[in-house]
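[1] Here is a sequence with its predicted model. Questions after.
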Amino acid sequence: MALLTNEDKILIKALRLEKGWGALTMMREFPSRKWKKRTLTNLIKRIDETAGQIDRKKGSGRPRSARTAANIQIVNDLICSQEGHPGTSKTPREIERETGISRSSVRRIAKKDLNLKTFRRRDVQLLSTADIRKRLVACKKLKRRLTKPKLDRTWFSDENCLLFKLHQTRRTIVCMQMSDQNVTCPPNVV
């Protein structure tokens, strides 16, 4: 059955019940709608059998088997790290082995029901001293361009490579230190 809009279904129902029109008459009267004969015949048959009901019966169709409330709760418990125990999350494969829920269903539950996004850990290169200096220069240029209210809401970060000490009264960046290497910036940096 081709897709019919809800307005189309209501119109077809009214024409069938009030005027007794068939599929060919409706196609002749509404050529711009481009309805298919088989689609109209199926809908008219359903209207005749159900005394004018055009919507699907409640509960009809394939029942949910994987994305039930119980399975969603199980996946939620296993996919996220437990309180106070970081690193205890499980992959969809591990959850599949443990629960019997298929891996694709586990991923679907995580994405659609739990609103989680999948991230993969990737190895990246370490920053060289030249890269660190280049980023520092870029931060200084950005700081000069920002207004005071925007600067108060801005945090300059390079993940765990740079530590920032904030001056309590002026709320500006005073000094940047390297956490991995013993490179410190002069006090008049920013």
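    Arrived safely.
[2] secondary structure element for the closest residue in space to residue 114 that isn't next to it in sequence?
    Using C-beta to C-beta, 6 or more residues apart in numbering and skipping the chain neighbours, the partner closest in space to residue 114 is residue 76 (5.7 Å). (C-beta placed from N, C-alpha, C; glycine too.) If you go by DSSP states H and E, residue 76 is part of helix 69-79.
[3] residues in contact with the helix or strand following that helix?
    Sequence order places helix 92-99 as the next helix or strand after helix 69-79, per DSSP H and E. Contacts with helix 92-99, where a contact means C-beta atoms under 8 Å, 6 or more residues apart in numbering, come from 71, 74, 75, 78, 79, 90, 101, 102, 103, 106, 107, 110.
[4] Need the three-state assignment for the residue nearest the centre of the chain.
    Centroid-nearest residue in the chain: residue 115, 5.9 Å away (criterion: C-alpha atoms, centre = their mean). Three-state call for residue 115 (DSSP: H, G, I helix; E, B strand; the rest coil): coil.
[5] Which helix or strand contains residue 14?
    helix 6-14.
[6] just checking, what packs against that helix?
    Under the contact definition 3 or more C-beta pairs under 8 Å, 6 or more residues apart in numbering; DSSP states H and E, helix 6-14 sits against helix 37-49.
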